[in-house]
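A.B. asks: Predicted structure and sequence below. I'll ask about it afterward.
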Amino acid sequence: MLRKYTGSLVMLLVRIGSSLAINKLFAFFLGATGITALAHLQNLFSIVTLVPAEGIGKGLVKYIADQQVNKGLRRDFLVAGLLWHMLVWVICSLAFLLLINPFFKVFPASWHRFQWFTLVAVASLGQLVYLYCSALLLAAQKTKVYLLAQIASSIIVLSGVIVGVSTSSLSYSLAGFAAGQGLSLVGIWILLKFYHISVTDLSTDLWHYVNQGVVQNNLKQAFIALGKYSLMALSLVLFGRTVDFFIRQFAINQFGSQATGLWQAVVRTSEWYTQVFTALLAVVYFPGVAAAIGNKQAIKQVLSQAILNWLPIIMLGLIGVYLTRYHILLLLFDDRFLAGEAYFKWQVLGDFFIMVSYFFAYVLLGKAHIRLFIIMQVLSAALYILAVFSLYTPMGIEAFPIAYCIRSAGYAICLLIFTTKDL
């Protein structure tokens with residue numbers, strides 16, 4: 001059983017290790033201001049890549065993984081997937097360009113905002129092509145090459161950051177990170193050549209293919225089918241990543257990059273251990289939920305057993321994080337970030353609610369309650385914004401982790417109510 005997931009575990013550890021190293025480099029060479037700018041840049045990339053990675057890519061894997069599917073239908077989905085990736089890039093690039101001041105004003109003024117926009121646009125295009133190729137590798141069941149591509153991507157991004165921070169320039173450090181994102185495409189291309197894999201060739205007569213009347217309707221259906229997979233991911237972009245971006249921007253405007261960086265250090269610590277937790281749940285919990293769909297009694301059994309088994313682990317783990325918060329900040333950042341320990345109590349409490357909510361969220365996802373999922377994202381974002389604007393005057397920068405805690409508790413309670421009623 002463990003051998004089956006060894007590759008995925010190694011990939012996860014490399015990605016987390018690379019992320020930890022990148023943040024350590026930014027913290028050591030550039031301080032809290034560097035961490036704030038890095039969080040903003042990563043947020044921009046996630047706005048562009050989340051729908052392709054979590055929506056379109058998963059749809060592609062579902063529809064073309066079956067090797068029995070006829071060649072024409074596979075071709076329809078391959079083209080539709082590529083068109084979706086390019087459409088996402090065009091829409092996001094236009095949004096960034098039209099709102100260039102709010103999206104890019106936090107970055108160093110040594111570069112013009114249009115230069116930052118160009119950097120993100122070009123790098124995100126490379127990242128989207130990389131994600132498209134990754135989805136096709138999964139669909140072709142080239143798991144080994146896929147995992148190696150993920151590992152190579154992490155190493156390339158880390159290498160770009162190392163080159164950037166060696167200049168002691170925040171602009172070049174951010175540029176190194178962005179370049180690494182785009183150059184991930186080079187890594188996957190080398191692997192495809194090394195393993196003699198021809199994923200697909202869509203550049204030849206694509207326009208002629210799309211305009212052939214005999215396949216145009218099928219292509220349209222494939223495009224719509226993949227679009228349905230994008231709805232949940234789109235809700236996460238609009239009411240998750242985008243809200244997070246502008247809330248962080250608001251924190252910078254009100255309290256400065258230094259204070260915001262201390263808060264973001266705690267947030268990033270939370271993201272690392274939460275990422276491990278969700279990866280474990282996806283392997284040991286979600287398959288059981290998916291297998292029990294259609295049988296309410298079986299779902300109740302899987303849910304209650306999972307909570308019973310995991311709740312003590314979650315509580316002990318989070319208590320351990322809180323008790324060692326000083327050591328964590330020193331290890332992952334440096335002594336300039338120790339003042340951020342004051343935010344851990346709210347972050348850890350919020351993480352507890354978020355982790356518990358995953359058990360109920362997976363049930364809703366397994367039962368394909370897409371509309372309810374989107375409504376939950378909207379309500380969660382609204383509660384977060386309301387809490388921030390209600391608390392930032394009396395509480396200062398601490399209002400943001402408190403608001404996160406309130407948002408997480410509200411999200412978990414609503415999921416508990418909806419899931420209980422549904423079962």
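C.D. replies: Structure's in. What do you need?
A.B. asks: so what's residue 220 up against?
C.D. replies: With contacts defined as C-beta atoms under 8 Å, 6 or more residues apart in numbering, residue 220 has no neighbours. Heads up, the C-betas are built off the backbone N, CA and C, glycines and all.
A.B. asks: could you measure it against residue 273, distance?
C.D. replies: Separation of residue 220 from residue 273 (C-beta to C-beta, to the nearest Å): 44 Å.
A.B. asks: check contacts around the closest residue to residue 31 other than its chain neighbours.
C.D. replies: Leaving aside its sequence neighbours, residue 31 sits nearest to residue 336 (C-beta to C-beta, 6 or more residues apart in numbering; 5.8 Å). Residue 336 makes contact with 27, 31, 32, according to C-beta under 8 Å, 6+ apart.
A.B. asks: Point out where the stretch 201-350 of the chain drops to low pLDDT.
C.D. replies: 201-217 (pLDDT under 70).
A.B. asks: So residue 27 sits against residue 337, correct?
C.D. replies: Yes - the criterion here is C-beta atoms under 8 Å, and residue 27 meets it with residue 337 at 6.5 Å.
A.B. asks: Mark which of the contacts of residue 336 are buried, thanks.
C.D. replies: 27, 31, 32 (16 or more other C-beta atoms under 10 Å).
A.B. asks: Let me know the pLDDT of the first one.
C.D. replies: What the model reports as pLDDT for residue 27 is 95.
A.B. asks: Which phi and psi values does the nearest residue to it once chain neighbours are set aside adopt?
C.D. replies: Excluding the flanking residues, the one nearest residue 27 by C-beta to C-beta, 6+ apart is residue 333, at 4.0 Å. Here is the backbone geometry of residue 333 (degrees, to the nearest 10): phi -130, psi -120.
A.B. asks: what about residue 333, how many residues close to it?
C.D. replies: Using other C-beta atoms under 10 Å, residue 333 is surrounded by 25 other residues.
A.B. asks: quick one: contacts of stretch 160-179?
C.D. replies: For stretch 160-179, using C-beta under 8 Å, 6+ apart, the contacting residues are 21-22, 25-26, 29-30, 33-34, 37-38, 41-42, 45, 107-108, 110-111, 119-120, 123, 157, 180, 183.
A.B. asks: Would you list the buried entries among the residues you listed?
C.D. replies: In the contacts of stretch 160-179, the ones that pass as buried (16+ other C-beta under 10 Å) are 21-22, 25-26, 29-30, 33-34, 37-38, 41-42, 45, 107, 111, 119-120, 123, 157, 180, 183.
A.B. asks: Okay, and which of the residues you listed map to strands?
C.D. replies: The members of the buried ones among the contacts of stretch 160-179 all map outside strands under DSSP state E.
A.B. asks: Helices - which of these land there?
C.D. replies: Counting by DSSP state H, these place 21-22, 25-26, 29-30, 33-34, 37-38, 41-42, 45, 119-120, 123, 157, 180, 183 in helices.
A.B. asks: Residue 137: which of the contacts of residue 336 is nearest?
C.D. replies: residue 27 (33.9 Å; C-beta to C-beta).
A.B. asks: any idea how far residue 60 is from that closest one?
C.D. replies: Distance from residue 27 to residue 60, by C-beta to C-beta: 37 Å.
A.B. asks: what's the answer for residue 245, then?
C.D. replies: Relative to residue 60, and taking C-beta to C-beta, residue 245 is found at 27 Å.
A.B. asks: which one of the two has more residues nearby?
C.D. replies: Higher neighbour count among residue 245 and residue 60: residue 60, with 28 against 20, using other C-beta under 10 Å.
A.B. asks: element containing that one?
C.D. replies: Here residue 60, judged by DSSP states H and E, is contained in helix 57-64.
A.B. asks: just residue 172 next, same as before
C.D. replies: Using DSSP H and E, residue 172 sits within helix 170-194.
A.B. asks: Show me how far that helix is from its chain's centre.
C.D. replies: Distance, stretch centre to chain centre, for helix 170-194: 18 Å (C-alpha atoms, centre = their mean, to the nearest Å).
A.B. asks: Return every residue with contacts to both of residue 27 and residue 337.
C.D. replies: With C-beta under 8 Å, 6+ apart as the test, residue 27 and residue 337 both reach residue 265.
A.B. asks: Backbone dihedrals for residue 293, please?
C.D. replies: Per degrees, to the nearest 10, the backbone of residue 293 is at phi -60, psi 130.
A.B. asks: neighbours around it, how many?
C.D. replies: For residue 293, using other C-beta under 10 Å, the count is 13.
A.B. asks: can you list the domains in this protein?
C.D. replies: 3-233, 285-422 (automatic domain parsing).
A.B. asks: Throw the ones you listed into a markdown table and include distance to residue 268, thanks.
C.D. replies: Formatted as a markdown table, those follow (distance: least, C-beta to C-beta, whole Å):
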| stretch | distance to residue 268 |
| --- | --- |
| domain 3-233 | 6 |
| domain 285-422 | 8 |
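A.B. asks: Tell me which of these sits nearest to residue 257.
C.D. replies: Per C-beta to C-beta, nearest to residue 257 of these: domain 3-233, 4.3 Å.
A.B. asks: Of the domains of the chain, give the one that comes closest to residue 279.
C.D. replies: Closest among these, once you apply C-beta to C-beta, is domain 3-233, at 5.4 Å.
A.B. asks: Secondary structure element holding residue 17?
C.D. replies: Going by DSSP H and E, residue 17 is part of helix 6-51.
A.B. asks: Please tell me I have it right and residue 59 contacts residue 225.
C.D. replies: Yes - counting by C-beta under 8 Å, residue 59 touches residue 225, with 6.8 Å between them.
A.B. asks: okay, those two: which has more neighbours?
C.D. replies: residue 59 (22 against 15).
A.B. asks: how about the nearest residue to that one, chain neighbours excluded?
C.D. replies: residue 229 is the one closest to residue 59 (C-beta to C-beta, 6+ apart), at 3.4 Å.
A.B. asks: can you check residue 358 too?
C.D. replies: residue 281 (5.8 Å).
A.B. asks: show me what contacts the residue nearest to residue 27?
C.D. replies: 23, 24, 27, 28, 35, 265.
A.B. asks: Go again with 7 Å.
C.D. replies: 24, 27, 265 (C-beta atoms under 7 Å, 6 or more residues apart in numbering).
A.B. asks: Also residue 361?
C.D. replies: Residue 361 neighbours (C-beta under 7 Å, 6+ apart): residue 415.
A.B. asks: repeat for residue 329
C.D. replies: 265, 337, 338, 340, 341.
A.B. asks: please redo it, this time with the cut-off set to 10 Å
C.D. replies: 27, 262, 265-266, 269, 335-341, 344 (C-beta atoms under 10 Å, 6 or more residues apart in numbering).
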